[in-house]
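In: Predicted model, plus sequence, below.
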Amino acid sequence: MNLEKIMTDLEKKHPGEVEYLQAVREVLESIEEIYNENPQFESAGIIERVVEPDRILTFKVPWVDDSGKVHVNLGYRVQFNNAIGPYKGGLRFHPSVNLSILKFLGFEQIFKNSLTTLPMGGGKGGSDFDPKGKSNAEIMRFCQSFMLELWKMIGPETDVPAGDIGVGGREIGFMYGMYKKLSREHTGVLTGKGINWGGSLIRPEATGFGAVYFAQEMLKTKNQDFKGKVVAISGFGNVAWGAALKVTELGGKVVTISGPDGYIYDPDGISGEKINFLLELRASNQDIVKPYSYEFPNAQFHQGKRPWEVKCDVALPCATQNELGKDDAQTLVKNGVMCVAEGANMPSTPEAIEVFQEHKVMFAPGKAVNAGGVATSGLEMSQNSMKLNWSSEEVDMRLHQIMKNIHEQCVKYGTTADGYVNYVKGANVAGFLKVANAMLDLGVL
Ligand code: NDP
């Protein structure tokens, strides 16, 4: 594989798509060796085919606010690769959304979904719409307008979107309602649905639970567990709250959460009624980080800072991409962090990852650690197909098993000569091999 030539060609074709190019480079670097050992991949043009999405839909989303003013946002769906199953991946509503970010997320999703062992291809979508500060009615009108275009592209056996940043149960409900009306079908076309209309128990907390199950497996390799461990978490969204709950349940102490304007440090631990307090604020679309420090006086709010300056044993970045840089990584290492597991997608910069790996800190990437979310979406699809609902215990047991399997695959493909597990390599190689072999079987498409 001529990695530099592939990257130069891609940069020419897609100038300025920083996040997408960053994600492709990371995957190619880690699969280079296995790719070169398998000349059939090269002759079938697997790399050239896997780095480009099958297709991209872009569309305008006009909607009317409560005062009668018309707004227009952009909507996207990137259908990246369906070699092993229908396109599958979340929808993100955030002002920062652009094609580069959705292509990076869709590309990562291919390998993440492959790791889950479930039959799901990779895709991603969303809009630059900002749900913050909008009324319920405005969000409903936006979601309906978004689905008015998207519904033609998706289907339970074609493309099954889910939630992501800015898209939780409420937004999925509004979009699903519109899809149902347009298609006159009640099918598993979206996941993250409400429990009364086709959703799965445990799906809301699955990504966070899965991330902690994965980190638990990492700790196990050093004969450690979460008991008594101090844990720094960033964000407090769909992923972070499930992670905080599970860490607490396993005996760890979560001492931070964060938002775009700073982080909270609570030396007493963020658990129980404090998590419920945060969830209530979140449900009513309010700011959560600052109010926490007013409600619980032992907690301190650190304006404009990130939680990585706090001394911790385990760090779980669960907010957004590139939120943990080289300096943060150096501070974490200096403070003795032993395990960093990415709940978010690509929260650590490549330079930060290098620091962790140089210092032999256990580090695992989002595509392995947060795969429990999409895995449970896969379990939701199975339940929809069977027209059955599994109990929480059953879903949780399957999720736990899937996370253990993903960890095993990472260890199998990522263990280096000195015994250190390079989880980035392990996850990329395991995820890639399955997709590449499927593409070989299916011919040039
Ligand atoms: P949410 O929107 O629910 O939560 C994001 C959280 O991060 C919010 O608390 C938000 O604060 C905070 N945040 C946003 N930007 C920053 C920033 N620059 N610095 C610090 N905090 C910030 O999103 P999700 O929890 O769904 O997703 C988080 C990450 O996990 C994303 O990378 C996503 O792709 C990934 N992921 C999500 C899955 C899921 O099931 N939802 C599955 C797999 C991966 P505020 O609300 O105040 O803006």
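Out: Good, I have the coordinates. This structure is a prediction, so every number in the text was calculated from the model and none was measured. Numbering: from 1, shown residues only.

In: The nearest residue to D268 once chain neighbours are set aside in helix, strand or coil?
Out: Among residues not flanking D268 along the chain, N298 sits closest, at 5.3 Å (Cβ to Cβ, 6 or more residues apart in numbering). The way it works is simple: take the backbone N, C-alpha and C, and place the C-beta from them, glycine included. Classification of N298 by DSSP: H, G, I helix; E, B strand; the rest coil places it in coil.

In: show me the residues around N298 that make contact.
Out: For N298, the contact set (Cβ atoms under 8 Å, 6 or more residues apart in numbering) comprises D266, P267, D268.

In: Q79 belongs to a strand?
Out: Yes: residue state for Q79 (three-state DSSP) corresponds to a strand.

In: thinking it is in contact with M153, fair?
Out: Yes: Q79 is within contact range of M153, at 7.3 Å (criterion: Cβ atoms under 8 Å).

In: residue boundaries of the strands in the stretch 251-400 of the chain?
Out: Using DSSP state E, counting those that start in this stretch, the strands of the stretch 251-400 of the chain run over 253-259, 262-265, 300-303, 314-316, 339-341, 362-364.

In: Take the longest one, keep the C-alpha atoms, and write them as CSV.
Out: Below are the C-alpha coordinates for strand 253-259, written out as CSV (Å, rounded to 0.1, in the frame of the first residue of the first chain):
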residue,chain,number,x,y,z
LYS,A,253,-16.1,7.4,41.6
VAL,A,254,-17.0,9.8,38.7
VAL,A,255,-15.5,13.2,39.6
THR,A,256,-16.1,15.3,36.4
ILE,A,257,-18.6,16.1,33.7
SER,A,258,-18.3,18.9,31.2
GLY,A,259,-20.0,21.1,28.6
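
In: Okay, M147 and K134: tell me how far apart.
Out: According to Cβ to Cβ, to the nearest Å, M147 stands 17 Å off from K134.

In: Who has more neighbours out of those two?
Out: M147 (24 against 18; other Cβ atoms under 10 Å).

In: Got phi/psi on the nearest residue to I110 once chain neighbours are set aside?
Out: Spatial nearest neighbour of I110, excluding adjacent residues (Cβ to Cβ, 6+ apart): G122 at 3.2 Å. In terms of degrees, to the nearest 10, the main-chain angles of G122 are phi -120, psi 140.

In: Any residues of the stretch 151-300 of the chain in contact with the ligand? List them.
Out: 163-166, 207, 234-239, 258-260 (Cβ under 6 Å from any ligand atom).

In: Surely S385 and G198 touch.
Out: No: S385 is beyond contact range of G198, at 10.8 Å (criterion: Cβ under 8 Å).

In: Give the intersection of the neighbour lists for the two.
Out: G188.

In: These two - which one has more neighbours?
Out: G198 (21 against 12).

In: Show the contacting residues for the more buried one.
Out: So G198 contacts H186, G188, E380, N384 (Cβ under 8 Å, 6+ apart).

In: Rebuild those residues as TSV, extending it with neighbour count.
Out: TSV is the format used below for the contacts of G198 (neighbours: other Cβ atoms under 10 Å):
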residue	neighbour count
H186	12
G188	22
E380	27
N384	21
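
In: Out of the residues you listed, which is nearest to G431?
Out: E380 (21.0 Å; Cβ to Cβ).

In: Ignoring the adjacent residues along the chain, who's closest to the closest one?
Out: Here the residue nearest E380, using Cβ to Cβ, 6+ apart, is S200, at 3.8 Å.

In: what's the neighbour count on the residue nearest to I110?
Out: 31.

In: For it, report the pLDDT, please.
Out: pLDDT for G122: 98.

In: my read: it touches L115, true?
Out: No: counting by Cβ under 8 Å, G122 stays clear of L115, with 11.2 Å between them.

In: residue in the stretch 201-350 of the chain nearest to the ligand?
Out: The nearest approach of the stretch 201-350 of the chain to the ligand comes at G237, 1.7 Å away (Cβ to the nearest ligand atom).
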